[in-house]
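Trainee: Need the 3D shape of this:
(chains A and B, ligands or ions: 1)
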Amino acid sequence: MTSARDEILANIRRSLGVTGREAPRIAAVDERIERAPRGVVPKRGQLPPEERVTLFKAMAEAAQATVEAVPSAADVPAAVAAYLRRHNLPATLRRGADARLAAMPWGETALEISVGPSDGHDLNGVSHAFAGVAESGTLVLVSCEDNPTTLNFLPDNHIVVVSAKDVIGDYEEVWSRVRFKEGKGLMPRTVNMITGPSRSGDIEQVLLLGAHGPRRLHIVVVDE
Amino acid sequence: MTLVATSPKFKENAARALADAQLQKALGNVRVGFIEKRLKAAERLPEFEALRDSARDIKNHTLAHLDLYLERYEKAVTAAGGHVHFARTAEEARDVIAAICTRLQAKTVTKGKSMIAEEIGLNAHLEALGMEPVETDLGEYIIQLRNEPPSHIIAPAVHLTKEQVAEDFRRVHTGLDKSRDLSEPVTLLGEARQVLRRRFLEADVGITGANFLVAETGTSIIVTNEGNGDLTQTLPKAHIVLASLEKLVPTLEDVSQILRVLARSATGQDMSVYTTFSTGPRRPGDPDGPGEYHVVLIDNGRSAMLGTSFQDMLRCIRCGACMNHCPVYHAVGGHAYGWVYPGPMGAVLTPTLIGVDKAGHLPNASTFCGRCESVCPVRIPLPKMMRHWREREFERHLTPATVRSGMAFWGYFARHPRLYGLATSLAMHGLALMGRAKGRFRWLPGASGWTKHRDFPAPQGATFQERWRKERRTRRAS
Ligand code: SF4
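Mentor: Coordinates of the predicted model:
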């Protein structure tokens, strides 16, 4: 009995009129994967650094995120505490073990900080982004030992810190950076591209925020 | 639920839909929202048309090398610690999924929105095995409560009003305060969020579809606005990805091209809220994520479409734009099409998947206005393919003998005035909608001899017969 796999491949080859051993076809596939051509990249994001950050903020706000900038990483805890106060939210916060977050002076605030993945009972979570994409105001977060994926989805209020130097023009630049970090053909277990807070328009096409993921998305851009 | 195709009864379904006042009210939401939003998003991006070409070319290239990309993809998934399962048919796919769930002694199985899961009738199968499948996309959740199939591929509950949803929530969410206010979408959403949050946390297995599979890295991608797909795949012991063969693309760069046209075409967003790239299971040291990662690659008729005049249909990225712009869909909604896929894409795809003998009417559900092709992000020639089906149906003598020549076609309608009424009324409502903005057409498909030199006045949205009947009624009443 042929396996489902072999029969499916054989059917595809019969339909396409190929054997799967044609050298030019194999070369075309190898080349495409190796070279990963970029295609059409919108001009919109191709800007000098400062304007790129301005576009990133505008696009993120258009997607109903809120954005603020702070001069340095040391200013993040105070900004987060003030954000929670402004929205009458409890002074609790869960974060991953990410070294960049760990180095921030959380002790200077009255925030009650816990570390690790979320079990669904955290109101507020903070993560550090891998990058921000200016063309659509999109945050890129990658999972690893220190960056739990659950923090991106379970808390009601998600705060994301991104360095201004990591705000890049387009998705293609994200992949260059991922390959640089992981190696060609390798990916982190999860890459989350996040553009604004969770929403649904499923009832009468009325757009509402906070469907299953965070009701609020607040972005803190670190300028230094 | 087991989905028995009612596609053979398209005409009856359509007539019933036209007379359904609730449905007509709900469909009004499609007619206004989607079209405007897509147009604005497309206009904001100067490269939009070039990106559509790029998306089409990427899909064509992948289909022409599908066997090789599948092999590359399989290798990459395995290298990342995941498992690829091939399934020739819906039944094989159901068996693979059931075997994984049974081994893990799953009781609750959460599901992200997946059209292929609808196609293979997965929920009924899991239920028969004593497991509880829980749809987590808000629209899918609502229609699961109602035991209905989706009526739209990206807005499954678009045929319902908020009053209907409130009624269902009261019926199913027992144990909550009976006098609670459910009059607004926001309170309905809040209740669903609360109920489903518990289900996410107790699920044993999470099943999602995939918008794309990347051969380069062995990555599966889901695109959602709610975040339900992410909770579905992150929290349980195992994540099962269901995907038909044509979801493959070569590289991350290629996906990025297509993502730029997907959300804009679907909802008019520049990007959907969550685009998630998953590669294998939880890694050593990871604080969360699924312990197992499986991909079920489903053929179910796709390999046979390659090399035929329907190969182009395999480019479809399920954005829903074709139905959002279709006058027939606007008039009758998704359920009239009688199976999983509605609108123009369903009219082409359904006959290939369940047989032209059952779905032969669907390719006739068209005014051939050409709007679907003009908005399709991967430029699928939908009207041409509907015509292909008509020709095939003709050749196979499946149509009544009277419909086999042009003259006889009109003769048929002449002897069935109510059907003629339906067909022309669909066309008129469609034309009225398209011309409403300016009240005139500068170009009309099939009428270019006329519109080349003059504008064609847009109909008022009703045929002469309809207006005459309405007039007569009001006169009688007065
Ligand atoms: S046929 Fe084209 S427009 Fe219709 S759902 Fe598929 S990709 Fe979208």
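Trainee: how about the longest helix belonging to chain B as CSV, C-alpha atoms only?
Mentor: The single longest helix within chain B, with elements called by DSSP state H, is helix B:21-44. This file holds the C-alpha atoms of helix B:21-44, laid out as CSV (Å, rounded to 0.1, in the frame of the first residue of the first chain):
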residue,chain,number,x,y,z
ALA,B,21,-36.4,39.9,6.5
GLN,B,22,-33.8,39.3,9.3
LEU,B,23,-31.3,38.0,6.8
GLN,B,24,-31.8,40.9,4.5
LYS,B,25,-31.3,43.3,7.4
ALA,B,26,-28.0,41.6,8.4
LEU,B,27,-26.8,41.5,4.8
GLY,B,28,-27.1,45.2,4.7
ASN,B,29,-23.9,45.2,6.8
VAL,B,30,-21.9,43.5,4.1
ARG,B,31,-23.1,45.9,1.4
VAL,B,32,-21.9,49.0,3.1
GLY,B,33,-18.9,48.2,5.3
PHE,B,34,-16.5,45.9,3.4
ILE,B,35,-16.4,47.6,0.0
GLU,B,36,-15.6,51.1,1.3
LYS,B,37,-13.0,49.9,3.7
ARG,B,38,-11.1,47.8,1.1
LEU,B,39,-11.1,50.7,-1.4
LYS,B,40,-9.7,53.1,1.1
ALA,B,41,-7.0,50.7,2.2
ALA,B,42,-6.0,50.0,-1.4
GLU,B,43,-5.9,53.7,-2.2
ARG,B,44,-3.6,54.4,0.7
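Trainee: How about it and chain A, touching?
Mentor: Yes: counting by CB under 8 Å from any CB of the partner chain, chain A is contacted by helix B:21-44 at B:26, B:29-30, B:33-34. C-beta coordinates here come from the backbone N, C-alpha and C atoms, glycine included.
Trainee: Tell me how far the closest residue to chain A within chain B lies from A:Asn192.
Mentor: Checking chain B residue by residue against chain A with CB to the nearest CB singles out B:Gly227 as nearest, at 2.6 Å. Taking CB to CB, to the nearest Å as the measure, B:Gly227 falls 10 Å from A:Asn192.
Trainee: Identify the residues contacting the closest residue to B:Glu184 other than its chain neighbours.
Mentor: Closest residue to B:Glu184 apart from its sequence neighbours, by CB to CB, 6 or more residues apart in numbering or on different chains: B:Lys162 at 7.1 Å. Residues near B:Lys162 by CB atoms under 8 Å, 6 or more residues apart in numbering or on different chains: A:203-204, B:183-185, B:188.
Trainee: What about those, which one has the most neighbours?
Mentor: For the contacts of B:Lys162, the largest number of neighbours (other CB atoms under 10 Å in any protein chain shown) sits with A:Ile203, at 26 neighbours.
Trainee: avg pLDDT for whichever helix or strand comes after the longest helix of chain B?
Mentor: Following helix B:21-44 in sequence order, the next helix or strand is helix B:48-64 (DSSP states H and E). Mean pLDDT, helix B:48-64: 98.
Trainee: And stretch B:84-97, by the same measure?
Mentor: Taken as a whole, stretch B:84-97 carries a mean pLDDT of 97.
Trainee: Stretch B:309-329 now?
Mentor: 95.
Trainee: all helices of chain A, in order?
Mentor: Under DSSP H, chain A gives helices at A:4-16, A:23-35, A:49-62, A:76-86, A:99-102, A:171-182.
Trainee: Need the per-residue pLDDT for the residue nearest to the spatial centre of chain A.
Mentor: The centre of chain A sits closest to A:Val140, judged by CA atoms, centre = their mean, with a distance of 2.1 Å. With respect to pLDDT, A:Val140 scores 98.
Trainee: can you check B:Glu373 too?
Mentor: 97.
Trainee: ok, and the closest non-adjacent residue to it?
Mentor: That would be B:Leu382: by CB to CB, 6+ apart, it lies 5.1 Å from B:Glu373.
Trainee: quick one: the one you found from the ligand, how far?
Mentor: Between B:Leu382 and the ligand the computed distance is 6 Å (CB to the nearest ligand atom, to the nearest Å).
Trainee: so how many other residues sit close to that residue?
Mentor: Counted with other CB under 10 Å, B:Leu382 comes out at 28.
Trainee: Any chance of the backbone angles for it?
Mentor: Torsion angles at B:Leu382 (phi, psi; degrees, to the nearest 10) stand at phi -60, psi -50.
Trainee: Against B:Gly360, how distant is it?
Mentor: For B:Leu382 relative to B:Gly360 (CB to CB), the value is 17 Å.
Trainee: likewise B:Phe169?
Mentor: 39 Å.
Trainee: List the contacts of the residue lying closest to the residue of chain B closest to chain A once chain neighbours are set aside.
Mentor: Closest residue to B:Gly227 apart from its sequence neighbours, by CB to CB, 6+ apart: A:Gly213 at 2.6 Å. By CB under 8 Å, 6+ apart, the residues touching A:Gly213 are A:152-153, A:158, A:197-198, B:226-228, B:230-231, B:273-274.
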